[in-house]
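K.L.:
quick one, structure for this:
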Amino acid sequence: MRWRRKRGASEQAIGITRGGRNSKIHGLVDKLCRPWVLILTPGNTADCTVGAACVSLLDGIAELLVDKAYDSNSFRESLRKDGIKPVIPGRSNRKKRIRHDKQAYKDRNVIERCYCRLKDFRRIATRYDKLARNYFSALCLVAAVAFWL
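P.N.:
Numbering: from 1, shown residues only. Prediction:
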């Protein structure tokens, strides 16, 4: 029997969404906008399913400021079990409102600034690479050059 390599959009971290075919970059960033964890997923993957994997790659987190897309009961419980204070605003379709620290949530702009800095590089912003490993390698290289050198 011949072994073949895996092919297709799912292997290349490309997913079909309303806006077309795209990918998502999930990351953990410190207060100085430096990325510590980067994960590449297809665009049709829910953010709350990747959040726990992203947080498990880094130790010593006391408080986590994340977007509404990561709002799920299971993700909040896993954060509390690990001793991390979740600062996540509730989605608009929640039956019961969830309170969050609005003053701390204002500091979440560092992740947006990090993404904007990464997308200053045309290769990252447009994703010309077909292979996920090539795109992720370029992403890591840009992160190292832009923030760590």
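
K.L.:
any stretches of the chain with poor pLDDT?
P.N.:
Applying pLDDT under 70 to the chain flags the ranges 1-10.

K.L.:
in the protein, which spans are helices?
P.N.:
Ranges of helices in the chain, per DSSP state H, are 47-56, 73-81, 102-105, 109-118, 122-126, 132-143.

K.L.:
need the CA coordinates for the shortest one. PDB is fine.
P.N.:
Provided in PDB are the C-alpha atoms of helix 102-105 (Å, rounded to 0.1, in the frame of the first residue of the first chain):
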ATOM      1  CA  LYS A 102     -14.100  47.000  32.400                       C
ATOM      2  CA  GLN A 103     -11.000  48.900  33.500                       C
ATOM      3  CA  ALA A 104      -8.700  45.900  33.000                       C
ATOM      4  CA  TYR A 105     -10.400  45.100  29.700                       C
END
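
K.L.:
could I get the contacting residues of the residue sitting nearest the centre point of the chain?
P.N.:
Centroid-nearest residue in the chain, with Cα atoms, centre = their mean: His26, separated by 1.3 Å. His26 is in contact with Val37, Leu38, Ile39, Leu40, Thr41, Asp47, Val50, Gly51, Cys54, counting by Cβ atoms under 8 Å, 6 or more residues apart in numbering. For glycine as for every other residue, the C-beta is placed from the backbone atoms N, C-alpha and C.
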